[in-house]
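Student: what's the 3D shape of this:
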Amino acid sequence: MFDIDHFKEYNDTYGHQQGDEALIKVAKVLASHTARSDDNAFRIGGEEFAISTVGLDFKQSLNFANLIKDDILALEIPHIKNEENEFLTISGGVYNEKGANIIQKDEIILLADKALYKSKDNGRNQITINKQGETDA
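Tutor: Numbers count the residues shown, from 1 in each chain. As a prediction, this is how the structure comes out:
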């Protein structure tokens with residue numbers, strides 16, 4: 001799960017039309033990382049997005065999410081109200097599990113969301129991964 005940092009402030013500063021353009025740019029980056037048939041990128045609502053993927057281990061999942069985060073920052077979308085960076089950034093939360101240990105989708109979303117909010121609490125523009133109910137930066 002990914003959430004654009006300080007997006008309300010972005011909209012308040014640059015306007016909703018610019019906010020919509022930023023959402024499109026972020027969505028395009030996410031889509032560019034989901035070329036495999038088992039990968040899916042989707043907007044959850046507002047400024048929140050998610051990607052589902054298969055076949056990545058713990059470290060690969062973290063690297064994958066960090067690559068997306070870095071690609072968003074590389075867009076260099078100005079965001080003067082972002083307290084942590086002069087550009088638009090995202091925070092992310094990852095849930096990773098394999099095979100028989102995979103849980104119900106609602107719980108996956110909850111655990112990814114908890115990891116996402118840990119990223120936000122720890123300063124934003126970062127990824128936290130949650131595996132088996134434990135969150136690790």
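
Student: Do I have it right that residue 53 meets residue 37?
Tutor: No: taking contacts as Cβ atoms under 8 Å, residue 53 lies outside contact range of residue 37: 10.8 Å. For the C-beta atoms, the positions are set from N, CA and C on the backbone; glycine is no exception.

Student: who's more crowded, those two?
Tutor: Neighbour comparison, residue 53 and residue 37: the larger count goes to residue 53, with 18 against 7 (by other Cβ atoms under 10 Å).

Student: Quick check: the more buried one vs residue 11, distance?
Tutor: Between residue 53 and residue 11 the distance is 29 Å, computed by Cβ to Cβ, to the nearest Å.

Student: Check residue 87 too.
Tutor: Plainly put, residue 87 is 16 Å away from residue 11 if you go by Cβ to Cβ.

Student: how about the strands of this structure, start to end?
Tutor: Using DSSP state E, the strands of the chain run over 2-4, 40-45, 48-52, 90-95, 127-131, 134-136.

Student: which ones are touching residue 116?
Tutor: Residue 116 sits next to 1-3, 91-93, 128 when contact means Cβ atoms under 8 Å, 6 or more residues apart in numbering.

Student: Spatially nearest residue to it (excluding sequence neighbours)?
Tutor: Closest residue to residue 116 apart from its sequence neighbours, by Cβ to Cβ, 6 or more residues apart in numbering: residue 93 at 2.9 Å.

Student: Fine, thanks again, bye for now.
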